[in-house]
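Visitor: Any chance you can model this:
(chains A and B)
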Number of protein chains: 2
Amino acid sequence: MKVSPQETSVGFIGLGIMGAPMAGHILKAGYRLRVYNRTKAKAEPLLAQGAHWAESIADLAKTSDVVVTIIGYPADVEATYLGAEGLVAHANPGAVLVDMTTSTPALAQRIAAEAAQRDVAVLDAPVSGGAGGAKNGKLTIMAGGDAAAFEDVNALLALMGPNVVLQGGPGAGQHTKAVNQIIISSTQLCIAEGLAYARKAGLDPRKVLASLSKGSAASFHLDNTAPKMIAGDTAPGFFVHHLVKDLEIAQSEAARAGLQLAGLETALERYRSLRDGGHAEDGAQAIFKLYEA
Amino acid sequence: MKVSPQETSVGFIGLGIMGAPMAGHILKAGYRLRVYNRTKAKAEPLLAQGAHWAESIADLAKTSDVVVTIIGYPADVEATYLGAEGLVAHANPGAVLVDMTTSTPALAQRIAAEAAQRDVAVLDAPVSGGAGGAKNGKLTIMAGGDAAAFEDVNALLALMGPNVVLQGGPGAGQHTKAVNQIIISSTQLCIAEGLAYARKAGLDPRKVLASLSKGSAASFHLDNTAPKMIAGDTAPGFFVHHLVKDLEIAQSEAARAGLQLAGLETALERYRSLRDGGHAEDGAQAIFKLYEA
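Guide: Numbers count the residues shown, from 1 in each chain, chains lettered A, B, ... in the order given. The predicted structure is shown next:
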């Protein structure tokens, strides 16, 4: 059954830098929203706007038609979905669960298979666009899983971003996100290296952007991230430690497929250096810090 | 004096994949155009449209107010400008010479300094945008050199691309181009790696692009080059061997400035592999060939 604000109770787990504004869009659209988060304090702004608090994941599962999750690491996803007190064990038959965490394709497939045995559909639907995209409802959503369940929740996902594409069966969303991360990590790295070069050459980095932004070096990150690098702004829209996690997933999947990706390996090594150098909680654009004199 | 079709005689050297259409724009705008090229046959289409042939570089220099060059390698630039029969020795006082080859900043500085002693201005003004940009008059032009000379020839450069920026003194155009090449090489590499991953994961690469092209992975190359990679199209708009040359210049300048750029080094290694694997004369997008099973 297709979701609607009148008929559908939505549960939301994970109210971090991404999840909080995403849940806010669902609430504003008029859905009955129940939320759960490890740290309850982060739920307060949503509760003040009319969201309900769930005392546990199991409680939230029992009272929701659709559950959306966006939580940190694959281990968190596994516990939240497959634990004895988790979503799959306690969801209502016919429910649709949507994991928007960037996690592993294999875990997405395992969760979908176990849930199917209880007549529960699980989609993997990681996102791209960072905190800005979450806030503005402009995320790109890359989905994998059952096509009918995807159609049912499409209108709900569209509240968080207009570009929602079903890429294939379970895990296909995670695989697509891996492609995205392979590209955005190297793109930010090469912009940081280019700007470091520009500075050393005595160029004005802003004037360099005026040339490059109209040519074949143009990109989302040249427009949106390079100015932050030039300004020395490391505020997180997307954490360095999360990007390292995403790249580790991509590299491990690539290796399993027999692919050696030198660009990915270089980006992973550079982002690990950044994380280990005290920048784990900075935004991914902080990669420019590695190239400061 | 500012250029105009009525008053200015233009010379053009280098009628390759880029130079031929660039010279064509100058001719179409009504300038008296004299051309020279190592292989005369490549000049024939322009001669048929009204361009004149110069028997030598010195001859061309003597009969031109402005000379534009776009030739292969720094060694060619050095010979063309600084040889005994070259442009600097034979240009008229007051002439402006514009080298649009991607070459080294140090050579650009040396040529500008030697030319200044003969009252000849030399701008370095390499371009970005490839064969498509050259054909459509949509190149990005990154200039370095004397500001007054730049103003004088601005209208002529604008015939080849609307985005012409003076980045600084002699060599600043070459340095800016190095930044551009640092970015576009890694960008194409990571797109090739992402698409290889997508294929191995069983995704439809075109559907993956539908997700990624609206998000933070968006770029000129994702829009324009990824579809060529998916289609297996290696036709040259910009030669692999020229990109290797450009990256070698960038790496050598970075090293001289005490910068170690891991992303650049990885891209250079991959493009050298591609060149040495029989793809020197393919387009730079052929990097995907390294990731075919």
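Visitor: switch to C-alpha atoms for all contacts and neighbour counts from now on
Guide: OK.
Visitor: What separation is there between the residue located most distally from the centre of chain A and residue A:15?
Guide: No residue in chain A sits farther from the centre than residue A:202, which is 37.6 Å out by CA atoms, centre = their mean. Distance of residue A:202 to residue A:15, computed by CA to CA, to the nearest Å: 44 Å.
Visitor: How about residue A:292?
Guide: For residue A:292, the distance to residue A:15 - CA to CA - is 34 Å.
Visitor: where's the residue farthest from the centre of chain A relative to residue A:211, distance?
Guide: Distance from residue A:202 to residue A:211, by CA to CA: 16 Å.
Visitor: Repeat that for residue A:30.
Guide: 46 Å.
Visitor: ok, those two, which is more surrounded?
Guide: Legend: neighbour count by other CA atoms under 10 Å in any protein chain shown for residue A:30 and residue A:211, higher for residue A:211 (25 against 13).
Visitor: you'd agree the more buried one is in a helix?
Guide: Yes: looking at residue A:211 with DSSP: H, G, I helix; E, B strand; the rest coil, it is inside a helix.
Visitor: Just list the residues touching it, thanks.
Guide: Residue A:211 makes contact with B:140-142, B:163-165, according to CA atoms under 8 Å, 6 or more residues apart in numbering or on different chains.
Visitor: If we only consider these, which is nearest to residue B:216?
Guide: Comparing those against residue B:216 with CA to CA places residue B:140 closest, at 23.1 Å.
Visitor: List the contacts of that closest one.
Guide: Here residue B:140 is in contact with A:211-212, A:214-215, B:127-129, B:161-164 (criterion: CA under 8 Å, 6+ apart).
Visitor: Using neighbour counts, give me the buried entries of those residues.
Guide: A:211-212, A:214-215, B:127-129, B:161, B:163-164 (16 or more other CA atoms under 10 Å in any protein chain shown).
Visitor: Among the residues you listed, which one lies nearest to residue B:57?
Guide: residue B:127 (22.3 Å).
Visitor: Excluding residues flanking it in the chain, which one is nearest the closest one?
Guide: Spatial nearest neighbour of residue B:127, chain neighbours left out: residue B:141 (4.5 Å); criterion: CA to CA, 6 or more residues apart in numbering or on different chains.
Visitor: what does residue A:57 give?
Guide: Per CA to CA, 6+ apart, closest to residue A:57 is residue A:86, 6.1 Å.
Visitor: now residue A:42
Guide: In space, residue A:42 is closest to residue A:15, 6.3 Å off (CA to CA, 6+ apart).
Visitor: next one: residue A:282
Guide: Residue A:282's closest residue in space is residue A:236 (CA to CA, 6+ apart), at 5.0 Å.
Visitor: The one you found: what's it in contact with?
Guide: A:281-284 are the contacts of residue A:236 under CA under 8 Å, 6+ apart.
Visitor: I'd like the average pLDDT over stretch A:78-90.
Guide: For stretch A:78-90, mean pLDDT is 98.
Visitor: again, but for stretch A:248-256
Guide: 97.
Visitor: mind listing what's buried in that stretch?
Guide: So for stretch A:248-256, counting by 16+ other CA under 10 Å, buried means A:248-251, A:253-254.
Visitor: and the residues you listed as JSON lines, adding secondary structure and distance to residue B:181?
Guide: Below are the buried residues of stretch A:248-256 laid out as JSON lines (DSSP: H, G, I helix; E, B strand; the rest coil; distance: CA to CA, whole Å):
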{"residue": "A:248", "secondary structure": "helix", "distance to residue B:181": "27"}
{"residue": "A:249", "secondary structure": "helix", "distance to residue B:181": "29"}
{"residue": "A:250", "secondary structure": "helix", "distance to residue B:181": "26"}
{"residue": "A:251", "secondary structure": "helix", "distance to residue B:181": "26"}
{"residue": "A:253", "secondary structure": "helix", "distance to residue B:181": "29"}
{"residue": "A:254", "secondary structure": "helix", "distance to residue B:181": "27"}
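Visitor: Do I have it right that the residue nearest to residue A:57 meets residue A:79?
Guide: Yes: contact status for residue A:86 versus residue A:79: in contact at 6.7 Å, counting by CA atoms under 8 Å.
Visitor: which ones are touching residue A:125?
Guide: Applying CA under 8 Å, 6+ apart, the residues contacting residue A:125 are A:98-101, A:141-144, A:173-174.
Visitor: Work out for me the element the nearest residue to it once chain neighbours are set aside sits within.
Guide: Leaving aside its sequence neighbours, residue A:125 sits nearest to residue A:143 (CA to CA, 6+ apart; 4.1 Å). Using DSSP states H and E, residue A:143 falls within strand A:140-144.
Visitor: all strands of chain A, in order?
Guide: For chain A, applying DSSP state E gives strands covering A:9-13, A:32-36, A:52-53, A:66-69, A:96-99, A:121-124, A:127-128, A:140-144, A:163-168.
Visitor: quick one on the thing from earlier: please compare residue A:86 and residue A:79 by neighbour count and tell me which comes out ahead.
Guide: residue A:86 (20 against 13).
Visitor: if I look at that one, how far off is chain B?
Guide: Residue A:86 is 29 Å from chain B, where distance means CA to the nearest CA, to the nearest Å.
Visitor: so what's that residue up against?
Guide: Residue A:86 neighbours (CA under 8 Å, 6+ apart): A:57-58, A:79-80.
Visitor: What about whichever residue of the stretch 101-250 of chain A sits closest to chain B, how many residues nearby?
Guide: Relative to chain B, the nearest point of the stretch 101-250 of chain A is residue A:219 (3.7 Å; CA to the nearest CA). When neighbours are counted by other CA under 10 Å, residue A:219 registers 29.
Visitor: Cross-check the contact I'm expecting between it and residue A:225.
Guide: No: Residue A:219 is beyond contact range of residue A:225, at 9.6 Å (criterion: CA under 8 Å).
Visitor: pLDDT at residue A:280, what is it?
Guide: At residue A:280, pLDDT is 98.
Visitor: Let me see the contact set for it.
Guide: A:239-241, A:274.
Visitor: returning to that earlier point: show the backbone phi and psi for the residue nearest to residue A:57.
Guide: phi -90, psi -180 (degrees, to the nearest 10).
Visitor: In contact with residue A:43, which residues?
Guide: A:15, A:20, A:35-37, A:53.
Visitor: Residue A:64 now?
Guide: Contacts of residue A:64 (CA under 8 Å, 6+ apart): A:8-11, A:34, A:91-92, A:95.
Visitor: Now with 10 Å, please.
Guide: By CA atoms under 10 Å, 6 or more residues apart in numbering or on different chains, residue A:64 lies in contact with A:8-12, A:32-34, A:91-92, A:95-97.
Visitor: For the nearest residue to residue A:272 once chain neighbours are set aside, grab the count of nearby residues.
Guide: The shortest distance from residue A:272 to any non-neighbouring residue, by CA to CA, 6+ apart, is to residue A:244 (6.3 Å). Neighbour count for residue A:244, taken as other CA under 10 Å: 24.
Visitor: and if you look at residue A:106?
Guide: Using other CA under 10 Å: residue A:106 sits among 15 other residues.
Visitor: Could you tell me which helix of chain A is the longest one?
Guide: helix A:172-200 (DSSP state H).
Visitor: For that one, the averaged confidence score.
Guide: 98.
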